[in-house]
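**Student:** got a structure for you, letters missing:
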């Protein structure tokens, strides 16, 4: 169920980007140039095909080819439109419990240029060859969200961020619960050992020989076996350190061979 929701969200992001209608003619030119072959009738989804038709109505030149795009001379808004087109045409996005993964799969002659363009825009990528194609990858979730936002995604990015926040909160809650459980287990184990020592000393008739503070700590432990040192200290009106030292003396006394006493 979770996987289907993540796939649906990835699809929603692509649909949101494909639905953007650039207000500037220069951005429309840039986006159609970024679509490449997808802007010339080779779209891989109906949404991108409709986008290509919309852009072609305004940007088709006399030869029927999309206008050329010069990255170096382009303004930032045109660069974002071009990258949006490249993502829609050759990008893929996967979302999962372990994070996000974004790829561009392009021809081997384009890989270095696209990587440089992304780096210059603040979206560093790693690149490798796969089946004769260049594959540019981004795995940092914050970088992926920044790129999607740069390309124009809004509501879908907010949805991803809200899911990440909920996932982080759940993870934090789980860690806190695990830590509390571990602390409780240690307290119970320590308490059981202390009670066994106290009963040993009492059975040997040596509990009454301990200092009054140690005896009061021993009684408090038997009355509240689940209590922490801090809780015992509060009950007895002592400091936690005094309670801890008392248990140290109690354990030392139990470790002493009674037959060796004078």
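**Tutor:** That came through, no problem. Predicted model only: the values in this text are computed from it and were never measured.

**Student:** now do the strands in this protein.
**Tutor:** 91-96, 99-106, 126-130, 133-138 (DSSP state E).

**Student:** chain center to the longest one: distance?
**Tutor:** Centre-to-centre, strand 99-106 and its host chain are 17 Å apart (CA atoms, centre = their mean, to the nearest Å).

**Student:** ok and it relative to strand 133-138, angle-wise?
**Tutor:** Interaxial angle, strand 99-106 versus strand 133-138 (axes from the mean of the first three to the mean of the last three CA atoms, to 10 degrees): 150 degrees.

**Student:** tell me what strand 99-106 is packed against?
**Tutor:** helix 76-90, strand 91-96, helix 111-120, strand 133-138, helix 141-150 (3 or more CB pairs under 8 Å, 6 or more residues apart in numbering; DSSP states H and E). Every residue, glycine included, has its C-beta placed from N, CA and C.

**Student:** any idea of the mean pLDDT for the last one?
**Tutor:** It stands for helix 141-150. The average pLDDT within helix 141-150 is 91.

**Student:** stretch 81-95 now?
**Tutor:** Stretch 81-95 comes out at a mean pLDDT of 90.

**Student:** how many neighbouring residues does the residue lying closest to residue 152 once chain neighbours are set aside have?
**Tutor:** Closest residue to residue 152 apart from its sequence neighbours, by CB to CB, 6 or more residues apart in numbering: residue 20 at 4.8 Å. Number of residues near residue 20 (other CB atoms under 10 Å) recorded here: 17.

**Student:** how near is residue 20 to residue 150?
**Tutor:** 12 Å (CB to CB, to the nearest Å).

**Student:** all helices for this protein, in order.
**Tutor:** In the chain, the helices defined using DSSP state H lie at 2-18, 25-35, 46-59, 76-90, 111-120, 141-150, 155-203, 212-223, 229-236, 240-255.

**Student:** what helices and strands are in contact with the second one?
**Tutor:** This means helix 25-35. Applying 3+ CB pairs under 8 Å, 6+ apart, we find helix 25-35 packed against helix 46-59, helix 76-90.

**Student:** poorly predicted segments of the protein, please.
**Tutor:** 1-3, 6, 39, 41-44, 57-67, 97, 165, 168, 257-262 (pLDDT under 70).

**Student:** hmm, back to that, so which of the helices of the chain is nearest residue 96?
**Tutor:** helix 2-18 (5.7 Å; CB to CB).

**Student:** about what we covered before: in CSV, list the strands of the chain along with mean neighbour count and distance to residue 228.
**Tutor:** Below are the strands of the chain laid out as CSV (neighbours: other CB atoms under 10 Å; distance: least, CB to CB, whole Å):
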stretch, mean neighbour count, distance to residue 228
strand 91-96, 18, 40
strand 99-106, 19, 38
strand 126-130, 11, 49
strand 133-138, 19, 47
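
**Student:** got the ones you listed as a markdown table, with distance to residue 171 columns?
**Tutor:** Below are those laid out as a markdown table (distance: least, CB to CB, whole Å):
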| stretch | distance to residue 171 |
| --- | --- |
| strand 91-96 | 15 |
| strand 99-106 | 12 |
| strand 126-130 | 26 |
| strand 133-138 | 22 |
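
**Student:** all set, thanks.
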